[in-house]
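A.B. asks: Below is the structure, and that's it, no one-letter string:
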């Protein structure tokens, strides 16, 4: 699979000048920032996620941001342009770190709701 899949018909990435707003990040720029300066969280600031970018800066003395930026670069490169613009376009702020973790790791399985019974209660169904 090529790192930059060809855009689909009706895809916002068909025209690089599709947006009149300067606040819309571009996918290619985000991937390049993640590879070049991801150790310091530059791609997170570019994607309007300043709190996550700050965490990258705070922990840049460890190797954790380096590994995370490589994972982010791979995730961003594999995203279609329409998915990228849905998640990061229109100046959206997706500052929740749990959302990013769910995207990388996968969606957590839904838990079944069980009725609570007091301990020692044998008649509860």
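C.D. replies: Now that the structure is in, tell me what you want to look at. Since the structure is predicted, the reported quantities are computational estimates derived from the model, not experimental observations.
A.B. asks: Thought residue 30 was touching residue 77, still the case?
C.D. replies: No: using C-beta atoms under 8 Å, residue 77 makes no contact with residue 30, being 9.2 Å away. In this view, the C-beta of every residue, glycine as well, is placed from N, C-alpha and C.
A.B. asks: Tell me which of these two has more neighbours.
C.D. replies: residue 30 (23 against 20; other C-beta atoms under 10 Å).
A.B. asks: doesn't residue 88 make contact with that one?
C.D. replies: Yes: contact criterion C-beta under 8 Å: residue 30 and residue 88 qualify, at 7.4 Å.
A.B. asks: who touches both of those two?
C.D. replies: The contact sets of residue 30 and residue 88 overlap at residue 47 (C-beta atoms under 8 Å, 6 or more residues apart in numbering).
A.B. asks: Residue 60: what secondary structure?
C.D. replies: Here residue 60 takes the coil state, with states given by DSSP: H, G, I helix; E, B strand; the rest coil.
A.B. asks: show me the contacts for residue 69.
C.D. replies: Taking C-beta under 8 Å, 6+ apart, we find residue 69 in contact with 34, 35, 38, 39, 41, 43, 56.
A.B. asks: try 6 Å this time
C.D. replies: Contacts for residue 69 (C-beta atoms under 6 Å, 6 or more residues apart in numbering) come out as 34, 38, 39.
A.B. asks: what mean pLDDT would you report for the longest helix along the chain?
C.D. replies: Across the chain, the helix with the greatest residue count (assigned by DSSP state H) is helix 64-78. Averaged across helix 64-78, the pLDDT comes to 95.
A.B. asks: Disregarding flanking residues, what is the spatial nearest neighbour of residue 35?
C.D. replies: Of all residues not flanking residue 35 in the chain, residue 73 sits nearest, at 5.0 Å (C-beta to C-beta, 6 or more residues apart in numbering).
A.B. asks: Perfect, I'm done here.
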